[in-house]
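Enquirer: All I have is the shape, not the residue letters:
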């Protein structure tokens, strides 16, 4: 699994969440909502230090990662985090991993 975060999304995380170097943004599945790959589940996030990441990318000293506990949600997909200009928020796009 790979995680890609666009520059605009990365700047949003820094300004809106106050994420600073040494901390990370964890992407996880949560009950309720809808995602491109799961009905009834959507993406949540939290600002924490990575403990057991299965995928991680680092930009400007900030780690963006998925923890092993959330493999059930992301398994079989790469995650692209871009920025939705109209809604002024991150947009999560899943790309199926071709075997």
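Expert: Noted; the coordinates are in hand. Every value quoted in this text rests on a predicted model; they were computed, and no experiment measured them.
Enquirer: Which strands and helices lie in contact with whichever strand or helix holds residue 57?
Expert: Secondary-structure element containing residue 57, defined by DSSP states H and E: strand 53-59. Applying 3 or more Cβ pairs under 8 Å, 6 or more residues apart in numbering; DSSP states H and E, one finds that strand 53-59 makes contact with strand 3-5, strand 62-67, helix 71-74. C-beta: built from backbone N, CA, C; applies to glycine.
Enquirer: Starting from the second one, tell me which strands it pairs with and how they run.
Expert: Using DSSP bridges, the strands paired with strand 62-67 in its sheet are strand 24-34 (parallel), strand 53-59 (antiparallel).
Enquirer: how distant is the helix or strand just after the longest one from the center of its chain?
Expert: Scanning forward in sequence from strand 24-34, with DSSP H and E defining helices and strands, the next element found is strand 39-48. Counting by Cα atoms, centre = their mean, to the nearest Å, strand 39-48 is centred 8 Å from the centre of its parent chain.
Enquirer: and the helices and strands packed on strand 53-59 as a markdown table, adding mean pLDDT, mean neighbour count and distance to residue 42?
Expert: Conversion of these to a markdown table gives the following (pLDDT from 0 to 100; neighbours: other Cβ atoms under 10 Å; distance: least, Cβ to Cβ, whole Å):
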| stretch | mean pLDDT | mean neighbour count | distance to residue 42 |
| --- | --- | --- | --- |
| strand 3-5 | 97 | 19 | 17 |
| strand 62-67 | 95 | 22 | 15 |
| helix 71-74 | 90 | 16 | 10 |
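Enquirer: since we're on the closest residue to residue 28 other than its chain neighbours, how many residues are nearby?
Expert: Beyond its immediate neighbours in the sequence, the residue positioned closest to residue 28 (Cβ to Cβ, 6 or more residues apart in numbering) is residue 70, lying 4.5 Å away. Here the number of neighbours of residue 70 (other Cβ atoms under 10 Å) works out to 20.
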